[in-house]
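Visitor: test case, fold it:
(2 chains)
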Amino acid sequence: MNNDSKNLKGADIDVINQYTGEKWYYTDIVKDHFFKPRNLLLEDPSDGVFDATGMVGSPACGDMMHMWMRVDPVTECIQDLKWKTFGCGSAIAATSMYSVMLTENGGLSIADALRIKPQQIMERLGGLPNRKIHCSVLADKAFQKTANDYFRKTGQNQRIVVEGARVIDDRLNITDKDIEEAVLEGAVTLEDVQKKLKVGVGMSEEALVEIEQLIRFYSEKYYG
Amino acid sequence: MSDKILKRIYMDHAASTPLDPRIRIAMEPYLEEEFGNPSALYREGRRAREALENARESVAGVLGAATDEIIFTSGGTEGDVLALMGVAHAYSNRGKHIISTTIEHHAVLNTLDALKKEGFEITLVEVGQNGIVDPQKIEEALRLDTILVSVIYANNEIGTIQPITEIARRIKKFRDAKVDKMSGPFFHTDACQAAGYLDLNVKNLGIDLMVMNGSKIYGPKGVGALYVRKGVRIQPIFLGGAQEGKRRAGTENIPGIIGFAEALKIANDERTIEGARVKNLRDKLIDGILKTIPRTVLNGDREIRLPNNINISILDIEGEGVILYLDSHGIACSTGSACTSESLDPSHVILALGRPYEYAHASIRFTLGRSTTESDIEHVLKVLPYVTETLRKISPIKIDVDATSMSHPEAFAGEGLRVKAKSKNFKKA
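Guide: Next up is the predicted model:
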């Protein structure tokens, strides 16, 4: 991180508008994206409009974010990135800015988009108060999950990246986190989980046994 | 959206009130001319002492207490800490059990946490979904080694008024039946929000300790009082001089104390008329929001609440966004959302009502005051539906109106569901 963004981060309590001298909690850019969010999904999408989707929650504060993506199948450039969030002003602004960064100038490739760091979002926003930084981390987490969904749907399982998770089937890149999520979404049987992960056959015997164990473990943990 | 031309509508009186000009006038001589230290024997000191004792008499008068039962403090937090630590440390040889509730102010809850680490045993009694504690449950929690019970008089977030008189009656009955009546349990109440709206007569209430502060009653900040009934011992938390009957060391904040005493007197004199006036406005705002905005839920009992408190969860949207939008329309209010708290924890009070954290995330508190007019209420009712509609378009969730568990636990998979809700409610019913 360069020195500029460090200084901006330091502006913790109030941000002073350089033109009016008026103090606001966030920068003018944040304010602009908060009051006029870009790429917001306004209508529930019909089937086939988007190629992938993902929803994540922030364990820090409980914010939730849902993202939808449309991709050029040949170049893998992001043609459209829409989102919704149950979150605060900085979560709204950070996601809005992030969606602009991924789709501007014809759109980044998924590979390039995955290289965007939360710090870059904050720099484009002119800084966020320190305790609000986790809000911008949520946008890139939601995108990673959306990209994973795309990789899974297009059979590129080796490209799936799940942070802090244990891989159970390394060919399909299925992790314990996937199983936990499926259970929390209501999956009860192995079949439910396979349906949720969009895999019918092809899982190894060891993986199937472990997945069944994990289903029992998470069912017990959350509903037992 | 220029803030400059807008009239500000301040609806966060539970956070702080402006200084009443009458109180500023009363305080003014004590800032510059009457600067003496009340512990001094010469003329300047004697005059400060006289002013201090007059203020004490005035506060005692409002409370129906004796002057030596009033200790001036630096405000609500110090009062609560002094009451709890003071009684706990003075009576720890008689018992180490303390009872309180799940909806107390952080000044109480965090002090109880500290006492727990010292070896005290704490029982937090849960409240009903209406935010009111059942006196029967307090009574059932009483033990022979219980030395203290602390229940907030009126809650600062949802405004619910607790049955203090009834709880006091049951505690007294329990105490009187004991062989060792001098070892408690004693009953403390935090009356910071109640002051100015509810009866503060300690005899009527039947309490042993009570805390008030200046900044909620149009007085100065950084000053308050603790009532300690004669016969109840407290161990000081500040060590130093012999001020305040050796119970609170440090040179007295004379201008603050003068201001606090005057503020308490005025607030108490005017409370019936002012209470009725704001209650009208409160009801209008509650009814208006619940009627015009779908999927809104009032937090806390509809009737048994402070006449100036409105706390509503506007489902599916997050409170900070609402605050920022309303601020741009000239309206100041607050939220129990995790996003605005320094600790990123959602309101423990809303969670204590048995609601999932999304309710706290979505809660908005309006607290009315002397400046609030009917047209202010109308303005809020005009702006809020539009703000709600805008923010609901941004939100990906739809919470059940009667939800008791999280709406989308799968979003938190792999995080050990560490949503800082501290809610045990992620299990589906």
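
Visitor: buried ones in stretch B:250-267?
Guide: Residues of stretch B:250-267 classed as buried: B:252-267 (neighbour count, 16 or more other CB atoms under 10 Å in any protein chain shown). Every residue, glycine included, has its C-beta placed from N, CA and C.

Visitor: do stretch B:324-340 as well
Guide: Residues of stretch B:324-340 classed as buried: B:324-331, B:333-340 (neighbour count, 16+ other CB under 10 Å).

Visitor: so which of the residues you listed belong to strands?
Guide: Taking DSSP state E, the ones among the buried residues of stretch B:324-340 that sit in strands are B:331, B:334-335.

Visitor: flag the shaky bits of chain A, pLDDT-wise.
Guide: Applying pLDDT under 70 to chain A picks out residues A:1-24, A:60, A:199-201, A:224.

Visitor: ok, which stretches of it are strands?
Guide: According to DSSP E, the strands that chain A contains are A:15-16, A:23-24, A:52-57, A:64-71, A:78-86, A:167-169, A:174-175.

Visitor: next: the stretch 151-300 of chain B.
Guide: B:186-190, B:209-213, B:224-228, B:296-298 (DSSP state E, counting those that start in this stretch).

Visitor: mind putting the ones you listed into TSV with mean neighbour count?
Guide: TSV is the format used below for the strands of the stretch 151-300 of chain B (neighbours: other CB atoms under 10 Å in any protein chain shown):
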stretch	mean neighbour count
strand B:186-190	28
strand B:209-213	30
strand B:224-228	28
strand B:296-298	19
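
Visitor: residues in contact with A:K145?
Guide: A:54-56, A:67 (CB atoms under 8 Å, 6 or more residues apart in numbering or on different chains).

Visitor: an error on my part: the question was meant for B:V87.
Guide: B:147-148, B:184, B:186, B:188, B:209, B:232-234.

Visitor: repeat that for 6 Å
Guide: Neighbouring residues of B:V87 by CB atoms under 6 Å, 6 or more residues apart in numbering or on different chains: B:148, B:186, B:234.

Visitor: and if you look at B:E252?
Guide: Here B:E252 is in contact with B:38, B:52 (criterion: CB under 6 Å, 6+ apart).

Visitor: check what pLDDT it gets.
Guide: B:E252 carries a pLDDT value of 96.

Visitor: any chance of the strands of the stretch 151-300 of chain B in TSV with mean pLDDT and distance to B:R49 as columns?
Guide: Listed next are these as TSV, based on pLDDT from 0 to 100; distance: least, CB to CB, whole Å:
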stretch	mean pLDDT	distance to B:R49
strand B:186-190	98	29
strand B:209-213	98	22
strand B:224-228	98	17
strand B:296-298	96	49
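
Visitor: look up how far B:L31 lies from the closest residue to B:E78 other than its chain neighbours.
Guide: In space, and not counting its chain neighbours, B:E78 is closest to B:G224: 7.1 Å by CB to CB, 6 or more residues apart in numbering or on different chains. B:G224 sits 19 Å away from B:L31, taking CB to CB, to the nearest Å as the criterion.

Visitor: now the strands of the stretch 151-300 of chain B as JSON lines including distance to B:D80?
Guide: Shown next, in JSON lines, are those (distance: least, CB to CB, whole Å):
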{"stretch": "strand B:186-190", "distance to B:D80": "6"}
{"stretch": "strand B:209-213", "distance to B:D80": "5"}
{"stretch": "strand B:224-228", "distance to B:D80": "8"}
{"stretch": "strand B:296-298", "distance to B:D80": "27"}
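
Visitor: which stretch among those comes nearest B:L41?
Guide: Nearest of the strands of the stretch 151-300 of chain B to B:L41, taken as CB to CB: strand B:224-228 at 25.6 Å.

Visitor: tell me how far the closest one is from the chain's mean position?
Guide: 15 Å (CA atoms, centre = their mean, to the nearest Å).

Visitor: by contact count, what packs against it?
Guide: The helices and strands touching strand B:224-228, judged by 3 or more CB pairs under 6 Å, 6 or more residues apart in numbering or on different chains; DSSP states H and E, are strand B:70-73, helix B:76-91, strand B:209-213.

Visitor: what pairs with the shortest one, parallel or antiparallel?
Guide: Pointing back at strand B:70-73 there. strand B:224-228 (antiparallel) (DSSP bridges).

Visitor: would you turn the strands of chain A into a markdown table with distance to B:T388 and mean neighbour count?
Guide: Rendered in a markdown table, the data for these read as follows (distance: least, CB to CB, whole Å; neighbours: other CB atoms under 10 Å in any protein chain shown):
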| stretch | distance to B:T388 | mean neighbour count |
| --- | --- | --- |
| strand A:15-16 | 26 | 17 |
| strand A:23-24 | 22 | 14 |
| strand A:52-57 | 22 | 23 |
| strand A:64-71 | 18 | 24 |
| strand A:78-86 | 14 | 24 |
| strand A:167-169 | 43 | 20 |
| strand A:174-175 | 38 | 26 |
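
Visitor: quick one: these as JSON lines, columns for distance to B:K203 too.
Guide: Below are the strands of chain A laid out as JSON lines (distance: least, CB to CB, whole Å):
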{"stretch": "strand A:15-16", "distance to B:K203": "52"}
{"stretch": "strand A:23-24", "distance to B:K203": "48"}
{"stretch": "strand A:52-57", "distance to B:K203": "52"}
{"stretch": "strand A:64-71", "distance to B:K203": "51"}
{"stretch": "strand A:78-86", "distance to B:K203": "49"}
{"stretch": "strand A:167-169", "distance to B:K203": "69"}
{"stretch": "strand A:174-175", "distance to B:K203": "66"}
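
Visitor: out of those, nearest to B:Y10?
Guide: That would be strand A:23-24 among the strands of chain A, by CB to CB, at 17.1 Å.
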